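Novice: here are the coordinates; sequence isn't available:
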């Protein structure tokens, strides 16, 4: 392969970040697929993976199916996801049917993994769904030859998810609040002309008040002829003259009314917004701590808010499924990888009652059957029906639980085809609850992502 050396080159997101592997090449390296050293065929597979990654980003709800098919070496060649991948490959490689004796499931699985990882690198919701689905599927898939490839893929994407999750769950040592934003109004100009008294007019009035010789309503008495009467009239007239002069000046210097409602209203809004921002800062900063506190309380109380009953009073497998549901309702989509471990340890706190010793492990077929019929599992069935469509090809157990169908002993192959799990596969309560929790987290992430896309349209 003359160009294989260059095609094996890896690119990095940026300095200091984990390198992005091309998982198609990893499948070639371990010998899981063989293209006979044909770089042209490799180019067609790359183009197909790119097309499927673009399709997955438009329909994130397919993440679980893509991942579950990619992880299973024994997936049926007629599975709808296999058919979708084959259709995409035909568009790039028209003669692909002639190149292989049967449907190249191994190559299609490699393409699906590469496509899913590409989409997960670009979309955090797909990353969440991929990690949770892969963790579940890998626990029961026969992928020993591919184990290292899958470990690298899950590790890369899980690291990406954890970075965002830890940021949302973190509690900072210090909360910084922006200063109050308020611009006071410009000062109102207080300039005015000082009032003055018309001195000539005032003099004429005083002169008139002093005796009968004044021009304006003179005092008819003279001070020397009738002092008492003169002084009475003089006082009356002078008091009026002075009062009129003072009243006139008072009217001229009276202040102009100032409307403070506008500035005070703006100040009140600024203070209110500042308080809201401050409370939001503290709320966001302490959200992670509050979430952890609530989870510890939930674990210690061992009470199911969905079933309104104590987990201790329920059969262990019903309790573990409801614990998965209740924890899912309490934590956000982007949660650290340690959360499923927290759930597993919480389930292990369930006591083994007398007579339950034989229920330490149960087969998946009976667990699914009970999940579809038990009264206490109704809240779980309701949410499962909202999250997952009716089963059609490989998909999560949520599809089987939320959309009941006949999965009796005569149809054990149906369970295998739809979930990738053998009907006889044994699980403990902690394994059962953790499996369902991861499915719920994966389903919610892609449902939220799809909803956001439809709103944008």
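Specialist: Happy to help now that I have it. Since the structure is predicted, the reported quantities are computational estimates derived from the model, not experimental observations.

Novice: would you list every one of the helices in the stretch 251-400 of the chain?
Specialist: Listed from the start of the chain, the stretch 251-400 of the chain has helices (DSSP state H, counting those that start in this stretch) covering 261-301, 316-330, 338-347, 364-373, 378-387, 397-402.

Novice: Residue 214 touches residue 208, doesn't it?
Specialist: Yes: distance between residue 214 and residue 208: 2.4 Å, which falls inside the contact criterion (Cβ atoms under 8 Å). Quick note: C-beta positions are derived from backbone N, CA and C, even for glycine.

Novice: Find residues that contact each of the two.
Specialist: By Cβ atoms under 8 Å, 6 or more residues apart in numbering, residue 214 and residue 208 have no common neighbours.

Novice: ok, back up a step: worst mean pLDDT among the helices of the stretch 251-400 of the chain?
Specialist: Lowest mean pLDDT within those: helix 261-301, a mean of 76.

Novice: Give the other helices and strands that that one contacts.
Specialist: The contact analysis (3 or more Cβ pairs under 8 Å, 6 or more residues apart in numbering; DSSP states H and E) places helix 261-301 against helix 147-169, helix 316-330, helix 338-347.

Novice: now the helices of the stretch 251-400 of the chain in TSV, with distance to residue 197 and mean neighbour count?
Specialist: Rendered in TSV, the data for those read as follows (distance: least, Cβ to Cβ, whole Å; neighbours: other Cβ atoms under 10 Å):
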stretch	distance to residue 197	mean neighbour count
helix 261-301	37	13
helix 316-330	82	23
helix 338-347	87	19
helix 364-373	100	19
helix 378-387	88	18
helix 397-402	95	24
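
Novice: closest to residue 194 out of the ones you listed?
Specialist: Checking these against residue 194 by Cβ to Cβ gives helix 261-301 as the closest, at 28.3 Å.

Novice: Now find how far off-centre the closest one is within its chain.
Specialist: Distance, stretch centre to chain centre, for helix 261-301: 17 Å (Cα atoms, centre = their mean, to the nearest Å).

Novice: can you give me the angle it makes with helix 147-169?
Specialist: When axes from the mean of the first three to the mean of the last three Cα atoms, to 10 degrees is applied, the directions of helix 261-301 and helix 147-169 differ by 130 degrees.

Novice: rewinding a little: any chance of the helices and strands packed on helix 261-301 in TSV, with distance to residue 377 too?
Specialist: Output for the helices and strands packed on helix 261-301, formatted as TSV (distance: least, Cβ to Cβ, whole Å):
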stretch	distance to residue 377
helix 147-169	28
helix 316-330	6
helix 338-347	16
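
Novice: Select, out of those, the one closest to residue 107.
Specialist: Residue 107 lies closest, by Cβ to Cβ, to one member of the helices and strands packed on helix 261-301: helix 147-169, at 14.1 Å.

Novice: ok, and for the next helix or strand after that closest one, which residues are buried?
Specialist: Under the assignment DSSP states H and E, the closest C-terminal helix or strand after helix 147-169 is helix 199-210. Within helix 199-210, the residues that qualify as buried by neighbour count (16 or more other Cβ atoms under 10 Å) are 205, 206, 208, 209, 210.

Novice: ok, residue 396 touching residue 403?
Specialist: No: checked against Cβ under 8 Å, the pair residue 396 and residue 403 is beyond contact range at 11.3 Å.

Novice: Point out where the stretch 101-250 of the chain drops to low pLDDT.
Specialist: Residue ranges of the stretch 101-250 of the chain with pLDDT under 70: 171-177, 182, 187-193.

Novice: and if we set it to 80?
Specialist: For the stretch 101-250 of the chain, the stretches flagged by pLDDT under 80 are 143-144, 167-168, 170-211, 213-217, 219-237, 241, 244-245, 247-250.

Novice: swap in the stretch 351-457 of the chain?
Specialist: Using pLDDT under 80, the flagged stretches of the stretch 351-457 of the chain are 352-359, 404-413, 448-457.

Novice: what ranges do the strands span in it?
Specialist: Secondary structure of the stretch 351-457 of the chain, counting by DSSP state E, counting those that start in this stretch: strands at 362-363, 426-427.

Novice: Distance check, residue 121 against residue 137.
Specialist: Distance check for residue 121 against residue 137: by Cβ to Cβ, to the nearest Å, it reads 20 Å.

Novice: meant to ask about residue 166
Specialist: For residue 166, the distance to residue 137 - Cβ to Cβ - is 25 Å.

Novice: Those two: which is more packed in?
Specialist: With neighbours defined as other Cβ atoms under 10 Å, residue 166 and residue 137 compare such that residue 137 has more, 25 against 15.

Novice: what sits against residue 30?
Specialist: 145, 146, 148, 149.

Novice: Tell me the confidence at the nearest residue to the last one once chain neighbours are set aside?
Specialist: Once its chain neighbours are removed from consideration, residue 149 has its nearest residue in residue 26; the separation is 4.6 Å (Cβ to Cβ, 6 or more residues apart in numbering). Predicted confidence (pLDDT) at residue 26: the value is 91.

Novice: Now do the SS call for residue 26.
Specialist: Using DSSP: H, G, I helix; E, B strand; the rest coil as the criterion, the local structure at residue 26 reads helix.

Novice: Could you count how many residues lie near it?
Specialist: A count of nearby residues for residue 26, using other Cβ under 10 Å, gives 20.
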